[in-house]
Each structure stands twice: as C-alpha cells, then as structure tokens.
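Novice: my questions concern the predicted model and sequence given below.
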Amino acid sequence: MEKKAFKKSPSYLSKKNIIAGRNPVIEALKAGQLIDKILLFTNASGDAIFEIRNLAKEKNVPVQHVPAEKLNKLTNVQHQGVVAFKSSVVYQDLQQVIDWVLSQGETPLFLMMDGVTDVRNIGAIARSAVCCGAQAIIIPDKGVGALNEDAVKSSAGALELVQVCRVNSLLKALDTLHLNGIKVFTSEMKAAKKLFDVNFTEPCCVVMGNEELGVQTYMSKAADDRFSIPMKGTFDSLNVSVATGIILYEALKQRITA
C-alpha cells in the first residue's frame, strides 16, 4: 500500500538520539523536531521547565518524571534535569488514518500494542504488518518501546511504510475504532475461539499484549471478541512478533480468498 502523503519520517542512519539541556529541548520542540518523549528530573522547576511542559502538551509529546540518576546514566552532557529522545517515526492521528484508509476504498486492518516494549519485536511486527496489508499500528504514549533508530532498523524500514498512531489512552482509541465500525479482537492464550474462526475480512483491529502479562483485563473486556492461536504440544509461549505474523497472515489469507 502506498503511504499517505503525511510528513515523511527522517532517515534512521543518524545515531544522535538524545537532546540534553533545557534550551536545546525548547529549541527542538519549537523547530518541530520529532520527539518521542521527554524525561524531566522529578524536582525540576523554573520558567524553562514550564515552557517545556507547555510545548510538550501542545505537540502531544509524553513527559515522564525520573530521578537524576537515570538522566545521568543517559548522557555525560550537562542536562539541567531535561533529556529528550528523538523519534524516528512520524506519529499520525488515529481518526485521520481511519478516514484515509476508508477513502482509499480499503478495509481497515489495524494492530494495537498493549505493553509491547522490545523495539526489536515492534520492528518485526511492523514488517509483518506491511507484508500482510495492515495499514496502521496503534501504540500508547507510555509503556511501549521507543520507536527509535533501533526499532526502524529492526523493521527494515517498514515503520516508515505503515501508519503509526500514538494515543494517550488505548481504551479511548478502542472507542474511536468502535465509533468507526471497526471491531476489536484480542489475542489471548486461553481464549476458547480459535484464530481460524475469526472473521478478519471485516474492518478490524487486533490487540497484542505483553508476552508475560498478556492483554490488560479492561482491554479484553472492552473488545468485541477474543481468540487464541492453536498449537501442538505443551509449549504454549510464542514470541509476540511471531504470533502477530501468524495472525496477520491468516487475515491476509481470508481477505485474498474472500
């Protein structure tokens, strides 16, 4: 699928991922630099910090409060209690992506990441998404692996081809999907329904959870249905990126043969 003419993602070859210091972070935000998140020293204060908070809110950049020790480990530069991580991905608005997919005459096939933190898994998931025709990946602004150079490299560039929507609430995103007629399915190890019994030809979004904890309970309850991947034997733990690939290929098969 041809990528929408949104702002292009930057090259992932640069290794300068961190911006340290109050004024450099303010300048980066004002200049429209793509920022994944900002870390602030818990007790940081002053006019510059106030401006950083306001700019971050305006540009929908997550701000996380951390102890000074964490900031010191990230950089040897005088950080003044502020460190920002550059993003290698352009984040899109979920509703705009839904509208665009529908305007192309396509049936939405989205993924939602619930607690997936390993950037290599996210990169591999993006590759499967592009290969199997999924148009978008939805991630929360917290509790997910940073989509930095390593993630883009792991995706072999796929993260630059699939739309990535960052939201401040997965539950609200689920509501947005429902309002647009998109069903939400969760992949869960103990679900009674099997993967092959799910209808992926209709507009849908699949929620993939953390490998250890799975999909959060409130997300599972809010979903339209749950399914599991049938497996032989007693070894019942699939890597999340492998599981996603299996699910997406089933969706592709159904859509090709429908």
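Specialist: Everything's here; your move.

Novice: return the residues in contact with residue 229.
Specialist: 187, 194-195, 238, 243, 246-247 (Cβ atoms under 8 Å, 6 or more residues apart in numbering). Using the backbone N, CA and C atoms, a C-beta is placed for each residue, glycine as well.

Novice: same question, residue 199
Specialist: Here residue 199 is in contact with residue 254 (Cβ under 8 Å, 6+ apart).

Novice: from residue 136, how far out is residue 46?
Specialist: Going from residue 46 to residue 136 by Cβ to Cβ, to the nearest Å gives 39 Å.

Novice: and residue 173, by the same measure?
Specialist: For residue 173, the distance to residue 136 equals 11 Å [Cβ to Cβ].

Novice: before we move on, the earlier item: can you select the buried ones from the contacts of residue 229 in PyMOL?
Specialist: Selecting only the buried entries of the contacts of residue 229 in PyMOL, with 16 or more other Cβ atoms under 10 Å as the criterion:
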select buried, resi 187+195+238+243+246+247
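
Novice: residue 208 belongs to a strand?
Specialist: Yes: according to DSSP: H, G, I helix; E, B strand; the rest coil, residue 208 belongs to a strand.

Novice: that one: neighbouring residues, count only.
Specialist: Residues lying near residue 208 (other Cβ atoms under 10 Å) number 23.

Novice: residue 118 and residue 30, how far apart?
Specialist: In terms of Cβ to Cβ, residue 118 sits 33 Å off from residue 30.

Novice: ah, wrong one, I meant residue 202
Specialist: 44 Å.

Novice: quick one: the strands in this protein?
Specialist: In the chain, the segments counted as strands under DSSP state E are 18-20, 35-41, 63-66, 82-86, 91-92, 109-114, 136-140, 163-167, 183-187, 204-209, 225-227.

Novice: could those go into CSV alongside mean pLDDT and distance to residue 102?
Specialist: CSV is the format used below for those (pLDDT from 0 to 100; distance: least, Cβ to Cβ, whole Å):
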stretch, mean pLDDT, distance to residue 102
strand 18-20, 89, 37
strand 35-41, 90, 28
strand 63-66, 90, 33
strand 82-86, 90, 32
strand 91-92, 88, 14
strand 109-114, 96, 12
strand 136-140, 94, 12
strand 163-167, 92, 13
strand 183-187, 97, 15
strand 204-209, 96, 14
strand 225-227, 97, 22
